[in-house]
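Visitor: have a look; sequence and predicted model below, questions after that.
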Amino acid sequence: MLVFASLSALLLVFVILIYRMIYSIICSIYPKPEKTEAKAFDQLLSYAGYQYDPEQDIFFSRLDAWQREFGYCRLYDEAAAPASIIIDAEPVTFVYGGKRWLIQFWKGQYYLNTGCEIGVYYTDQQDLNIPGLFTGTFYQCAADDDLMELSYVLFQKGRKLFERTEKHWWLSGFKAGVFSEPEELAMHIKITFLDETMCEAFVAALIKIGYQRSQIKINGTDAEFIFDRTHTPKPFTRSEKTDRIIQNYNRLACKRYRQITSRCRTMAERICIIRRKEPLFYEGMIRIGKTRRIIKAFYELIEHGID
């Protein structure tokens, strides 16, 4: 009996080992659907210029994002609302080091995502004047030598959503399935400038557009303030009526997203079920920031002979 029991135990161990080997081989050939979907989504996300932070469950822009090659002009903001992006924008312009600088903040609803952005740009060129298309400044994205430490904490109705700090030219964050009206959001912003002269020029520009000196905290090269309401004009493409129509659509999309992903524990699981139940949401999850649709405005400039 003892021998039989020993043989049975050995046989059981052998069967378990064989099962694990076969299972491992099968998994390597036919990976789990959510893993396959997650890998494909990661590739799509990288192609779109973003990464995913699993701890905060947010998407954010990469330092080497393709958008860096295309700079910024006001046309991008004008093209946002037609792309289901209803956001408040606050451009702050000033002169420093022989260049015209733009540091701009955005917050609001990016279709399926609540999010925010800080962008740093400059130019030493004259303004563009293309009749019938665009008159204004076209900025380049800040080069590596001009990157500054940017930081924000995003709040929705006083509740913290997420935060980021990084030396960057475009610090962003987007949370899928969360719906917000732009006025419900507040960005607590801190910027470490290249030197005190630059910091002073920026603060003076903030005050010029309507911020109070008491609302700005300065410490050497650091400036801190809150962006909760705009002090500058909205894009022409935004109106109360169109905002309401687009936001109703965005609200329903976020509600549907939450419904179909309510039992998902990971982003991989969410991606898998979204691809199956709501394919249009798949790419919509990364319809954030300066999308390729919005960048078409830049291509129009190229077609008119602008390098």
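Guide: Sure, I can see it.

Visitor: all helices for this protein, in order.
Guide: For the chain, the helices defined by DSSP state H cover 2-29, 33-48, 74-78, 196-209, 240-261, 267-277, 279-284, 292-303.

Visitor: give the rounded mean pLDDT of the shortest one.
Guide: What that stands for is helix 74-78. In this model, helix 74-78 has a mean pLDDT of 90.

Visitor: what helices or strands is it leaning on?
Guide: Packing partners of helix 74-78 (3 or more C-beta pairs under 8 Å, 6 or more residues apart in numbering; DSSP states H and E): strand 134-136, helix 292-303. For every residue, glycine as well, the C-beta is placed using N, CA and C.

Visitor: from the chain's centroid, how far away is it?
Guide: Offset of helix 74-78 from its chain centre (C-alpha atoms, centre = their mean, to the nearest Å): 16 Å.

Visitor: least confident of the helices and strands packed on helix 74-78, on average?
Guide: helix 292-303 (a mean of 60).

Visitor: burial check on the nearest residue to F94 once chain neighbours are set aside, number of neighbours?
Guide: Closest residue to F94 apart from its sequence neighbours, by C-beta to C-beta, 6 or more residues apart in numbering: A205 at 4.0 Å. Counted by other C-beta atoms under 10 Å, the residues lying close to A205 total 19.

Visitor: ok, A205 - contacts?
Guide: Neighbouring residues of A205 by C-beta atoms under 8 Å, 6 or more residues apart in numbering: 92-94.

Visitor: go again using 10 Å as the cut-off
Guide: With contact taken as C-beta atoms under 10 Å, 6 or more residues apart in numbering, A205 is in contact with 91-96, 101-103, 211.

Visitor: same deal with L154?
Guide: For L154, the contact set (C-beta under 10 Å, 6+ apart) comprises 58, 107, 114-116, 160-164, 173-175, 180, 185-189, 227.

Visitor: one step back: and the pLDDT at the residue nearest to F94?
Guide: pLDDT, A205: 99.

Visitor: distance of it from C73?
Guide: Between A205 and C73 the distance is 18 Å, computed by C-beta to C-beta, to the nearest Å.

Visitor: next one: T192
Guide: According to C-beta to C-beta, T192 and C73 sit 26 Å apart.

Visitor: look at those two and report which has more neighbours.
Guide: Neighbours were counted for T192 and for C73 using other C-beta under 10 Å; C73 has more, 22 against 16.
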